[in-house]
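> sequence? don't have it. structure:
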């Protein structure tokens, strides 16, 4: 049995300690906004915040996150950085197919929360490994800059 704080709610789950957080979120808790992409932490679709830091949930054992604050795409819009990023995503029409976008938004909002005025190099470093099969990288970068500028 593991006790988790997910989006501000305390939840318990009767799962093996080595079960990846992604599957606890999706299959046990029912928060399906976090996506499965590759299963090896290379694509970013499964990105969530752990104590405000973007992490890949597909390889993170649930036992490693007990007692820490987990934020998913379902609740990031309640954070100041999440609001800015989601608004910029809508205003600049970033999404194409949308599959990777929850991971992209989670990575971008963690960046804006920790660095409100990121340089291109900061954006590159924070977003590296978040794969968009549709190639919306230019719109993603523009949206991050738009959010940072406070639009």
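Looks like it came in fine. None of these values were measured; they are calculated from a predicted model. Residues are numbered from 1 along each chain as shown.

> so what does the helix ranked longest in the chain touch, helix or strand wise?
In the chain, taking DSSP state H as the definition, the longest helix is helix 101-114. With contacts taken as 3 or more Cβ pairs under 8 Å, 6 or more residues apart in numbering; DSSP states H and E, helix 101-114 sits against strand 47-50, strand 53-56, helix 73-76, helix 80-91, helix 120-127, helix 137-148. Glycine gets a C-beta too; all of them are placed from N, C-alpha and C.

> Of all the residues in it, which ones are buried?
Going by neighbour count (16 or more other Cβ atoms under 10 Å), the buried part of helix 101-114 is 101-113.

> Now for the residue most central in space within the chain: which residues touch it?
Among the residues of the chain, the one closest to the centroid is residue 106, at 2.7 Å (Cα atoms, centre = their mean). Each residue near residue 106 by Cβ atoms under 8 Å, 6 or more residues apart in numbering is listed here: 47, 48, 49, 54, 71, 72, 73, 76.

> distance of it from residue 11?
Noted for residue 106: a distance of 19 Å to residue 11, by Cβ to Cβ, to the nearest Å.

> ditto for residue 104
Taking Cβ to Cβ as the measure, residue 104 falls 26 Å from residue 11.

> again, but for residue 1
Residue 1 is 11 Å from residue 11, by Cβ to Cβ.

> So which of these two has more stuff around it?
Set residue 1 next to residue 11 and count neighbours by other Cβ atoms under 10 Å: residue 11 wins out with 16 against 8.

> If we ignore the residues flanking it in sequence, what's nearest the more buried one?
In space, not counting the residues next to it along the chain, residue 11 is nearest to residue 4; the distance is 5.3 Å by Cβ to Cβ, 6 or more residues apart in numbering.
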